[in-house]
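Participant: Give me the fold of what follows.
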Amino acid sequence: MATSTFMKPVQPSADLSAVVGAKPIPRTEVTKKLWDYIKKNGLQDKKNKRNINADDKLVKVFGGKKQVSMFEMTALVSKHLK
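Facilitator: Numbering: from 1, shown residues only. Next up, the predicted model:
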């Protein structure tokens, strides 16, 4: 049985490692750790919960953007995975 693409460990970039750690982990874990980080640091926009406000670490992952939507975040984070 083939392992699902989502379960295959991926290597986070240096910028993303600052948030999720440097070890290769499955995409599902990357997403979970990212959300843990966002919630722990109160980065979800208060008015529009679908938007994420970037701190110094996330602004690098988000290509310099100060705020991104959840959907945009997924695409931007994918660029940081090998």
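Participant: switch to C-alpha atoms for all contacts and neighbour counts from now on
Facilitator: Fine.
Participant: Quick one: the strands in this structure, in order.
Facilitator: Along the chain, the stretches classed as strands by DSSP state E are 9-10, 25-26, 51-53, 67-69.
Participant: how far is the third one from where the chain is centred?
Facilitator: Between the centre of strand 51-53 and the centre of its chain there are 12 Å (C-alpha atoms, centre = their mean, to the nearest Å).
Participant: what packs against it?
Facilitator: Contacts defined by 3 or more C-alpha pairs under 8 Å, 6 or more residues apart in numbering; DSSP states H and E place strand 51-53 against strand 67-69.
Participant: List the buried residues in the strand it packs on.
Facilitator: 67-68 (16 or more other C-alpha atoms under 10 Å).
Participant: So in that sheet, which strands flank that strand, and in what orientation?
Facilitator: The partner list of strand 67-69 in its sheet, established with DSSP bridges, is strand 51-53 (antiparallel).
Participant: Identify each buried residue in stretch 22-38, please.
Facilitator: Using 16+ other C-alpha under 10 Å, the residues of stretch 22-38 that count as buried are 24-27, 29-30, 34-35, 38.
Participant: Could you save those as JSON lines and add columns showing distance to residue 12 and pLDDT?
Facilitator: Listed next are those as JSON lines, based on distance: C-alpha to C-alpha, whole Å; pLDDT from 0 to 100:
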{"residue": "24", "distance to residue 12": "7", "pLDDT": "97"}
{"residue": "25", "distance to residue 12": "8", "pLDDT": "96"}
{"residue": "26", "distance to residue 12": "10", "pLDDT": "95"}
{"residue": "27", "distance to residue 12": "10", "pLDDT": "93"}
{"residue": "29", "distance to residue 12": "11", "pLDDT": "96"}
{"residue": "30", "distance to residue 12": "8", "pLDDT": "96"}
{"residue": "34", "distance to residue 12": "12", "pLDDT": "97"}
{"residue": "35", "distance to residue 12": "15", "pLDDT": "97"}
{"residue": "38", "distance to residue 12": "17", "pLDDT": "98"}
